[in-house]
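Trainee: quick one: sequence and predicted model below, then my questions.
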Amino acid sequence: MNKIRTPLLHFAVWLAIILLFVLISSQRGRIEDALVIFGYFGLLNVAIFYINYLYILPKYLNSRRYLGCALSILFLILFSGIVKYSLAWLFADIVLVRGHMHNQIIPFWEYYIGTVVTGMFFVFLSTAVKFSVDWFVNEKIRKNLENEKLTAELAFLKSQINPHFLFNSLNNIYSLAYQRSDKTPAAILKLSEIMRYMLQESNESQVELNKEIRYLENYIELQKLRFRNDDFVRISIEGTDRDQTIVPLILIPFVENAFKHGLVTDSGCPIEISIRIEKGRLAFSVVNQKSGQNKDRTSGIGLSNVRRRLELLYHNRYTLEINDSKDCYQCKLVLEL
């Protein structure tokens, strides 16, 4: 479609310019004279434009042969002046005369210098158009490449989330099964619900905030099945505007990190998870006491992953504060939804 639209646009612009000058010039004399001046010579100037635009610039500039480009443009301007003067002799009584009585012949050099200046103008115009078009084309290509790179990087980051989470959850269920716990079937059911969300919803670029929160609650319930005391974790949710959307699986790494490295056996020092929902804004925080044991040497995967996703998807629309003290770990995330 663009291959047809671009030539038609060029043709329409040039036709409009030539007809405009013919109309203006015909008001000062015969329309036949105007057609000769702005028809023949207008078309010659258009030819100068496209010889430079379609042949000289692509041939020499793309291969960085700047001297050849300059010499070719100079030859084009000088040769076109000779062609114009030769044609002018065919219409000498229209083109090469001046004065009130039209009885003065324009000298060769005076007319030739005028054609050179005109040729320089159309060369400059075609060069400016060429650089402008190339810039827009290159900018479009650059943005497409950036989008493709971004899509590929996000796909890679998301591919890391599912196996990482699944690995930790299966470890938990394995512990329950090894202990022959009655909680094992419930844990498997919870994991099934979580995996359904990850498979069906996380492929979308945005999901309802309500679904993401429900996903977090399921994960917390799955973790509670491992312990006798449910008081080791407290979650508070404020705000009812849950119809807003959020990038899926963006909050889970913080909660998962708290369960892996937090103190989860002391109800006096519970994991505290807070979600505050406002119009267009989400405030999320997780606080946990450290257990003193590094349960997972690969723990950096989750948080480094989510940092990168935040930067890609919420650039300049989020703040993340992490306070890592000796006994306590706290993260605060604010998203502009």
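Mentor: Received, thanks. Numbering: from 1, shown residues only.
Trainee: alpha carbons only for contacts and neighbour counts from here, please
Mentor: OK.
Trainee: can you give me the domain assignment for this structure?
Mentor: According to automatic domain parsing, the chain comprises the domains 2-143, 181-336.
Trainee: mean pLDDT lowest where, among those domains?
Mentor: Lowest mean pLDDT of these: domain 2-143, a mean of 76.
Trainee: list the residues that contact the residue nearest to R317 when sequence neighbours are not counted.
Mentor: Residue nearest to R317 in three dimensions, not counting chain neighbours: E336, with 5.2 Å by Cα to Cα, 6 or more residues apart in numbering. Neighbouring residues of E336 by Cα atoms under 8 Å, 6 or more residues apart in numbering: G280, R281, L282, Y314, R317, Y318.
Trainee: against V129, how distant is E336?
Mentor: Look at E336 and V129: by Cα to Cα, to the nearest Å, they are 41 Å apart.
Trainee: CA atoms only: put stretch 107-120 into CSV for me.
Mentor: Taking C-alpha atoms only, stretch 107-120 is exported to CSV below (Å, rounded to 0.1, in the frame of the first residue of the first chain):
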residue,chain,number,x,y,z
PRO,A,107,22.6,37.3,-21.7
PHE,A,108,23.8,33.7,-21.5
TRP,A,109,25.7,34.0,-18.3
GLU,A,110,23.0,35.9,-16.5
TYR,A,111,20.4,33.3,-17.5
TYR,A,112,22.8,30.4,-16.8
ILE,A,113,23.7,31.6,-13.3
GLY,A,114,20.0,31.9,-12.5
THR,A,115,19.5,28.2,-13.6
VAL,A,116,22.4,27.2,-11.4
VAL,A,117,20.9,28.9,-8.4
THR,A,118,17.5,27.2,-9.1
GLY,A,119,19.2,23.8,-9.5
MET,A,120,21.0,24.3,-6.2
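Trainee: so how far is that stretch from its chain's centroid?
Mentor: The chain centre lies 48 Å from the centre of stretch 107-120; the measure is Cα atoms, centre = their mean, to the nearest Å.
Trainee: stretch 110-126 now?
Mentor: The gap between where stretch 110-126 is centred and where its chain is centred comes out at 41 Å by Cα atoms, centre = their mean.
Trainee: same question for stretch 276-288.
Mentor: Mean-position distance between stretch 276-288 and its chain equals 28 Å (Cα atoms, centre = their mean).
Trainee: so which elements touch the helix or strand hosting Y85?
Mentor: Element membership of Y85, judged by DSSP states H and E, is helix 66-90. When contacts are defined as 3 or more Cα pairs under 8 Å, 6 or more residues apart in numbering; DSSP states H and E, helix 66-90 sits against helix 41-50, helix 57-61, helix 108-178.
Trainee: I am finished for the moment; much appreciated.
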